[in-house]
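# Take a look and give me a structure for this.
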Amino acid sequence: MGARTGDLWQAKLALVWGGELVSVLTSSILQMGFVWHITLTTGSASMLSLASLAGFLPLALFGTFAGTVVDRLPLRRTLVGADLLIAAVSAAVAAVSLTGSLPVWVIMVALFARAVGSAFHTPAFQALTPLVAPAEHLTRLAGVTQAVQSGGYILGTAVAAVIYPLWGLTAMIALDVGGALLATAAVLAARLDVGGSSAALAVPDGDGASLGLLAQLRSLVAETAGGYRVLRGYRGLFALLWCGFAFTLVFSPISALFPIMTLDHFGGTTGDAATAEIVFSVGMIAGSALLTATGGFRNRALTVVAATALYGVATLVAGLLGSDGFAAFLGASFVMGLSSPLYSGPQVALMQEKVPPEYLGRVFGLYGAIMSWALPLGLAASSLFADAVGAPVWFVGAGAAMVLLAAATWAVPSIRRIEG
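Below you'll find the model as predicted:
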């Protein structure tokens with residue numbers, strides 16, 4: 001495990017987070033470009049939901065075992081490998097766009113492939129902080145990581161609004177490649193020496209290639225199952241995980257339907273859509289700052305429940321607005337953004353604090369995979385029904401469901417006593 005004396009751990013995290021800020025910035029630019037390209041090309045809420053599905057499905061398919069690989073390998077190797085994969089995918093999309101047209105199916109494939117890299121990068125990034133920083137700082141540091149990601153997102157959305165009409169998608173892709181390479185350089189410069197286990201990745205001698213592969217697969221499954229048993233052993237965390245599954249099931253279509261609300265329901269422009277995303281991100285930064293400054297409630301489960309209810313109320317209000325209520329929609333977007341880090345940050349900190357370091361990758365991988373199975377279910381429902389009932393009706397129903405879920409979550413005794 002890396003040194004935690006003096007300011008060494010702070011310097012390491014500052015380097016990695018600095019690279020992550022740039023990477024999130026350029027990824028957000030490209031993500032908005034993809035969203036606008038699909039919206040302007042198809043004008044379909046179903047296609048936006050399918051694009052979101054393509055971006056999250058690999059997390060569900062590979063996330064379960066990705067965390068086990070993260071625990072086996074040094075974090076530096078996993079983070080660098082994931083960033084380089086994402087850069088290569090973006091470069092391939094740039095090559096296609098230079099031919100003069102960029103079919104929507106190419107964007108879907110690119111979103112899927114980039115998400116494969118994220119399936120490994122996300123648990124590695126989440127496992128980094130508790131391996132480097134002292135435990136007493138984890139909740140506030142979770143607020144900092146949320147701020148890094150929110151800051152990159154808000155800047156990326158603003159820059160995307162300028163770049164897309166002037167230079168188009170190809171310029172956005174080029175920036176994303178550069179951002180991934182810079183993040184790779186930052187990880188290498190931080191000289192991380194944490195992560196990795198004694199589990200052998202080499203094929204056992206004398207077993208033959210096929211038997212060696214079977215042995216490795218059995219080992220991978222066994223280690224993943226061990227991570228699940230560890231997570232299940234913390235009853236409060238385990239119960240909070242499945243409440244989070246229900247929340248993600250309801251929440252997942254909302255982000256995909258944001259552009260449709262602005263462009264169709266409120267009759268706005270792509271600039272208005274970017275403004276709504278920016279306001280949401282400003283709310284996330286405000287929530288991240290609040291979490292960093294205060295750490296939330298003493299009982300972090302209460303912070304999660306309060307954030308769930310707050311998000312639900314804001315979503316419900318947004319759905320009830322008339323076509324002339326765009327200004328109020330921006331206010332609701334800010335509140336939604338404010339509640340997001342207050343919902344996710346304490347959960348991450350609880351897992352970082354309570355789960356043994358050698359299981360962090362597996363637990364975060366499993367957590368991400370389970371959440372990701374909720375995403376396609378919610379997005380599939382929205383792709384089938386959102387066009388029929390309309391985005392506002394979906395917002396109302398989702399908001400009401402979140403408020404009820406907040407009450408149900410707090411009713412679980414192991415969650416209320418999670419700090420015990």
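# which stretches of this structure have low pLDDT?
1-7, 45, 150, 154, 157, 196-212, 383-388, 420 (pLDDT under 70).
# for the longest helix along it, the distance to its chain's centre please.
Ordering each helix of the chain by length in residues (DSSP state H) puts helix 138-190 first. Centre-to-centre, helix 138-190 and its host chain are 14 Å apart (C-alpha atoms, centre = their mean, to the nearest Å).
# Summarise which helices and strands the following helix or strand past it is packed against.
Following helix 138-190 in sequence order, the next helix or strand is helix 208-233 (DSSP states H and E). Judged by 3 or more C-beta pairs under 8 Å, 6 or more residues apart in numbering; DSSP states H and E, helix 208-233 is in contact with helix 45-72, helix 235-260, helix 360-389. (C-beta placed from N, C-alpha, C; glycine too.)
# Between helix 360-389 and helix 208-233, find me the angle.
80 degrees (axes from the mean of the first three to the mean of the last three C-alpha atoms, to 10 degrees).
# in helix 208-233, what's buried?
Residues of helix 208-233 classed as buried: 216, 219, 220, 223, 224, 227, 228, 230, 231 (neighbour count, 16 or more other C-beta atoms under 10 Å).
# now the residues you listed in TSV, with distance to residue 59?
TSV is the format used below for these (distance: C-beta to C-beta, whole Å):
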residue	distance to residue 59
216	22
219	22
220	17
223	19
224	15
227	16
228	16
230	20
231	17
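# Closest one of those residues to residue 338?
Closest approach to residue 338 among the buried residues of helix 208-233 (C-beta to C-beta): residue 231, at 28.5 Å.
# For that closest one, which non-adjacent residue is closest in space?
residue 363 (5.1 Å; C-beta to C-beta, 6 or more residues apart in numbering).
# Could you report the separation of the most centrally placed residue in the chain from residue 62?
Ranked by distance to the mean C-alpha position of the chain (C-alpha atoms, centre = their mean), the top residue is residue 122 at 7.5 Å. Between residue 122 and residue 62 the distance is 11 Å, computed by C-beta to C-beta, to the nearest Å.
# residue ranges of the helices in the stretch 301-420 of the chain, please?
326-354, 360-389, 391-410, 413-416 (DSSP state H, counting those that start in this stretch).
# Can I get the ones you listed in CSV including distance to residue 24?
Converted to CSV, these look like this (distance: least, C-beta to C-beta, whole Å):
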stretch, distance to residue 24
helix 326-354, 14
helix 360-389, 17
helix 391-410, 26
helix 413-416, 30
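# mind checking which of those helices is nearest residue 278?
Closest of the helices of the stretch 301-420 of the chain to residue 278 is helix 326-354, at 9.0 Å (criterion: C-beta to C-beta).
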